[in-house]
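>>> Test case, fold it:
(one chain, ligands or ions: 1)
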Amino acid sequence: MTKDDQGALSLFVGIARPPERSKRCDLYRKVLAAVIVHEATHLAGGSEAAAREAELQFFGALVAKGLVSREDGLRYLDLLRQRPRQNDD
Ligand SMILES: [Zn+2]
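Numbering: from 1, shown residues only. This is a model prediction of the structure:
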């Protein structure tokens with residue numbers, strides 16, 4: 001996480017590719033990256049709704065770029081959208 005001259009926070013979450021990877025392990029690493037985006041949004045002061053939206057946008061971009069299989073990606077995005085609402089949503 002970095003802060004610019006005006007104090008705005010930005011986050012880069014990179015996903016390193018291991019030399020040998022299984023499809024399932026690769027999916028879990030990308031889900032973990034999305035969870036990190038969610039938690040980083042909270043650290044930057046974001047609400048639960050904002051953190052969920054950031055997580056959805058991040059993981060949706062991975063699916064759109066073909067970095068996650070469409071079947072697995074859409075299933076995970078459905079799970080994210082079906083989470084029960086929180087008090088601060
Ligand atoms: Zn949260």
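>>> centroid residue for this structure?
Nearest residue to the geometric centre of the chain (C-alpha atoms, centre = their mean): Ala34, 2.1 Å.
>>> I'd like the distance between the closest residue to that one other than its chain neighbours and the ion.
Nearest residue to Ala34 in three dimensions, chain neighbours excluded: Phe59, at 4.3 Å (C-beta to C-beta, 6 or more residues apart in numbering). C-beta: built from backbone N, CA, C; applies to glycine. Relative to the ion, Phe59 is positioned 14 Å away (C-beta to the ion, to the nearest Å).
>>> Need the pLDDT of Phe12.
You'll see Phe12 listed with a pLDDT of 72.
>>> typo on my end, Arg17
Among the per-residue scores, Arg17 shows a pLDDT of 63.
>>> quick revisit: pretty sure the residue nearest to Ala34 is in a strand, no?
No. Counting by DSSP: H, G, I helix; E, B strand; the rest coil, Phe59 is located in no strand; its state is helix.
>>> OK, contacts around it?
By C-beta atoms under 8 Å, 6 or more residues apart in numbering, the contact list for Phe59 reads 30-31, 34, 68, 73, 76-77, 80.
>>> can you pick the most crowded of the residues you listed?
Counting neighbours by other C-beta atoms under 10 Å, Val68 leads the contacts of Phe59 with 24 neighbours.
>>> ok, that residue to the ion distance?
Val68 is 21 Å from the ion, by C-beta to the ion.
>>> my guess is that residue contacts Tyr28, does it?
No. Using C-beta atoms under 8 Å, Val68 makes no contact with Tyr28, being 10.9 Å away.
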